[in-house]
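Trainee: For reference, the sequence and a predicted model appear below.
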Amino acid sequence: TTKEPVYTGTDANIYNVVTSFNEAQTTRNFAWTAKSAFAGKNTMALKYRKVGDAEWMTVDAVKEIESVNTADEDYFKCDISSLSPDTEYEYKIGKKESDKDSDWTKIFKFRTAKESIDEFTFIAVGDTQGITWNGMTSGDKGFMFAMAAYQEAFEEVKDPAFILHTGDVVETGNNKDMWNMYFKSLNGYGTSTPMFAAIGNHDSLGTPLYFDYHFNHPNNGGNAALDQSFKNAVTGNILQLFQNADETIYSYDYGDAHFIVLNTGSYSNQDKHIIDAQRDWLTRDLEANKDAKWKIMLFHEPVYHRAGAGESRPWLHDVIEGYGVDLVIQGHSHLVTRTYPMKDGKIVTKAVDETVEKGIGTVYTTIGSTALNHDGANDAKYEEEIGILATPTPTQSAYTTVTVKNDKIVVTTKQINGFVLDSFTIEDKNASSDTSEEQIGEITDTSTEASDGSVSADPEDENSGSFTIIVICVIAFIVLAVGAVLFIKRKK
């Protein structure tokens, strides 16, 4: 819609509600914004219960400590745990001590993940990066394009496991109005569908770092993931990222997949310092999860940028490719690109196929922009490692769906008009082969082994053999009968 949504009632006092999880089956993390005049000195809280239960459980929220006070807004977070898998919950947010309906949001719902997850699909977007709501040029690009992408993506994927964002959520990171418009473009999906974001260079611009206030990601990385000895070499925005990394570096599991999110800096000549500072944490995380069936990473600035070495951020490729990461989802470049499979910093094969064999190398993709700010059609491919490059139509925002199965990952990036910009599959051929062999075994191996080691025919085979003998006997009887009749006639 070209008209910016307007919040009314309690929605005008509590908004920008977004969720994530530490463990998909048993936890939920929440973050939201509240008007300072509404929150006042009240304790903000979240009430939740299983759908159908009568009693609410209450969790106090923690107010974010702001580095620079935002006069009319406050930011809150809380976590809940010990939830039951595959269970629908409902929740509302408001003033803990108040019984007034007007002091609480409407009721939102979410469902925890199943204990065993065989297949799932998530939605990925990038570079929403708006300035206004309905702007139609690169100078005032509108968040309405991001809303259109979210609506189309959720129309296609009815129940996504979660949303990934590659960063550059907004054009100017310290502009609170842009953040508020972004969450309007999310269209309420974040209240029930978990969302995980990587910080982009535009998100890191200026103070305060609103990215840190608006998300409540897993807390297994953050500041502790950074080798602080690198901090001595940085200034400005990069120094701010070293000091506020808690929502920007983390990992989590979903089904057979392990996801890792990194912080690639602020698009400056100091990016190498913060990327190198994550090397030890990334190595430890991948080592601890080396047996995960699928390894998927998310960050903003590409390892192999289509514009060449000056734009690329290659400093961790040895860890990523050395541990056999299957897929890396990136942003920053507003075009859609895909590398050849990469191993040890080298191209494994230049065959541009729709199917890539798991294990031969890491595939890096950039998934385009969800806003009206695609890079130009004449931007050439200067990086040798890029095998696929597609230019979206400027007025057609893009989104990506990723389906993860036991034997494959299917990645499709398309425009909201349905035009496919890139689609490929990473296939575990060993998994397919194992399945086929098991099926063949079930079909051909019809014998059973007795306790003494002898092999006897399957009972069904015995029945089949008996039936064959009967048929042969009937046919023989008919032949003899016909022969007897002919003999008698001949005698007459």
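Mentor: Yep, that arrived.

Trainee: what's near enough to touch Asn69?
Mentor: Not one residue lies near Asn69 by CB atoms under 8 Å, 6 or more residues apart in numbering. Bear in mind the C-beta positions are built from the backbone N, C-alpha and C, glycine included.

Trainee: any idea of the pLDDT on it?
Mentor: With respect to pLDDT, Asn69 scores 84.

Trainee: so where does it fall, helix or strand?
Mentor: For Asn69, there is no helix or strand it lies in under DSSP states H and E.

Trainee: For it, what are phi and psi?
Mentor: Phi and psi for Asn69, reported as degrees, to the nearest 10, are phi -70, psi 130.

Trainee: ranges for the helices of the stretch 51-200 of the chain?
Mentor: 144-156, 176-185 (DSSP state H, counting those that start in this stretch).

Trainee: Now mean neighbour count and distance to Thr112 too, for those, in CSV please.
Mentor: Converted to CSV, these look like this (neighbours: other CB atoms under 10 Å; distance: least, CB to CB, whole Å):
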stretch, mean neighbour count, distance to Thr112
helix 144-156, 21, 19
helix 176-185, 21, 23
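
Trainee: Include distance to Tyr91 and mean pLDDT when you put the ones you listed into a markdown table, please.
Mentor: Listed next are the helices of the stretch 51-200 of the chain as a markdown table, based on distance: least, CB to CB, whole Å; pLDDT from 0 to 100:
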| stretch | distance to Tyr91 | mean pLDDT |
| --- | --- | --- |
| helix 144-156 | 20 | 97 |
| helix 176-185 | 17 | 98 |
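
Trainee: With respect to Asp103, which of these lies nearest?
Mentor: helix 176-185 (21.0 Å; CB to CB).

Trainee: what does that closest one contact?
Mentor: Helix 176-185 is touched from outside by 4-5, 15-16, 18, 33, 70, 73, 128, 130-133, 143-144, 146-147, 150, 169-172, 190, 210, 214, with contacts defined as CB under 8 Å, 6+ apart.

Trainee: so Glu383 sits right up against Gly308, yeah?
Mentor: Yes: look at Glu383 against Gly308 with CB atoms under 8 Å: they come within range, at 5.3 Å.

Trainee: Compare those two (neighbour count), which wins?
Mentor: Glu383 (20 against 14; other CB atoms under 10 Å).

Trainee: dump the residue contacts of the more buried one.
Mentor: 304-309, 312.

Trainee: Out of the residues you listed, which comes closest to Lys231?
Mentor: Closest approach to Lys231 among the contacts of Glu383 (CB to CB): Ser312, at 23.6 Å.

Trainee: what number of residues lie near that closest one?
Mentor: Ser312 has 18 nearby residues by other CB under 10 Å.

Trainee: go on, Gly368?
Mentor: For Gly368, the neighbour count with other CB under 10 Å is 32.

Trainee: same deal with Arg279?
Mentor: When neighbours are defined as other CB under 10 Å, Arg279 has 15 of them.

Trainee: separation between it and Ser333?
Mentor: Relative to Ser333, Arg279 is positioned 23 Å away (criterion: CB to CB, to the nearest Å).

Trainee: How about Leu316?
Mentor: Remark: distance between Leu316 and Ser333 (CB to CB) = 18 Å.

Trainee: wait, doesn't Ile329 sit right on Gly167?
Mentor: No: between Ile329 and Gly167 there is no contact under CB under 8 Å: 10.5 Å.

Trainee: Show me which of the contacts of helix 176-185 are buried.
Mentor: 4, 15-16, 18, 33, 70, 73, 128, 130-133, 143-144, 146-147, 150, 169-172, 190, 210, 214 (16 or more other CB atoms under 10 Å).

Trainee: mind listing the strands for the stretch 251-400 of the chain?
Mentor: Listed in chain order, the strands of the stretch 251-400 of the chain (DSSP state E, counting those that start in this stretch) span 257-261, 294-298, 327-330, 336-339, 342-343, 346-347, 355-357, 363-367, 386-390, 398-404.

Trainee: make that the stretch 1-150 of the chain, sorry
Mentor: Under DSSP E, counting those that start in this stretch, the stretch 1-150 of the chain gives strands at 14-20, 28-35, 44-50, 57-60, 62-63, 73-80, 88-95, 108-111, 120-125.

Trainee: about what we covered before: so for Glu383 and Gly308, which residues contact both of them?
Mentor: Counting by CB under 8 Å, 6+ apart, Glu383 and Gly308 have no shared contacts at all.
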